[in-house]
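A.B. asks: Prediction below, plus the sequence it came from.
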Amino acid sequence: MANDVQGLNQLRWVMTKKIPDAVEKAATEALEQGATEIVATMKRLVPIDSGALRDSIGWTWGDPPEGAMVLGGSKAVGGEGRREITIYAGNALTRVGSRKQFQLARLQEFGTKEMDANPFFFPAYRTLRRRVRSRITRNMKKAIRDVVK
């Protein structure tokens, strides 16, 4: 037929398989790098008494450890099997109180009647979120350009 376009199948393959895979890989790497930067900044800002709270700060794909204070999540690019990266502080060892009902991370971040707030969690996030977002966008655009070339 006169309406057939040469290379249409190859273009469909690139648009439906290669570009999404490259974008997912680029976004995942940028998310991991951003999470590592945010965690390092939080560890620098956290008040250090015994070091247990500082050592409990981290990030993971999926759910955080039991009892951790969660910053929030950011979904990686992907189809049905989207993964979520979670930044957290605190664990079972950083619980305080007679019944271990309070998370030290939350008490440090927001303070109590007897203790002033020593924020470390949200200031680190707010400081770096624009940089992390920009890196994700840049990496995704670069991945698309590299596939198209």
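C.D. replies: Yes, it's here. No experiment lies behind these values; they were computed from the predicted model shown.

A.B. asks: Point to the helix or strand of this protein where mean pLDDT is at its lowest.
C.D. replies: strand 69-75 (a mean of 60; mean pLDDT, DSSP states H and E).

A.B. asks: Now for residue 36, how many residues are close by?
C.D. replies: Residues lying near residue 36 (other Cβ atoms under 10 Å) number 13. (Glycine included, C-beta is placed from N, CA and C.)

A.B. asks: Hmm, it is touching residue 59, no?
C.D. replies: Yes - counting by Cβ atoms under 8 Å, residue 36 does reach residue 59; the two are 7.2 Å apart.

A.B. asks: Report the secondary structure state of residue 145.
C.D. replies: Assigned by DSSP: H, G, I helix; E, B strand; the rest coil, the conformation of residue 145 is helix.

A.B. asks: mind listing what residue 48 touches?
C.D. replies: Taking Cβ atoms under 8 Å, 6 or more residues apart in numbering as the criterion, residue 48 is in contact with residue 54.

A.B. asks: That one should be in a strand, yeah?
C.D. replies: No - applying three-state DSSP, one finds residue 48 to be coil, outside a strand.

A.B. asks: pLDDT on stretch 105-117, on average?
C.D. replies: Averaging the model's pLDDT scores along stretch 105-117 yields 86.
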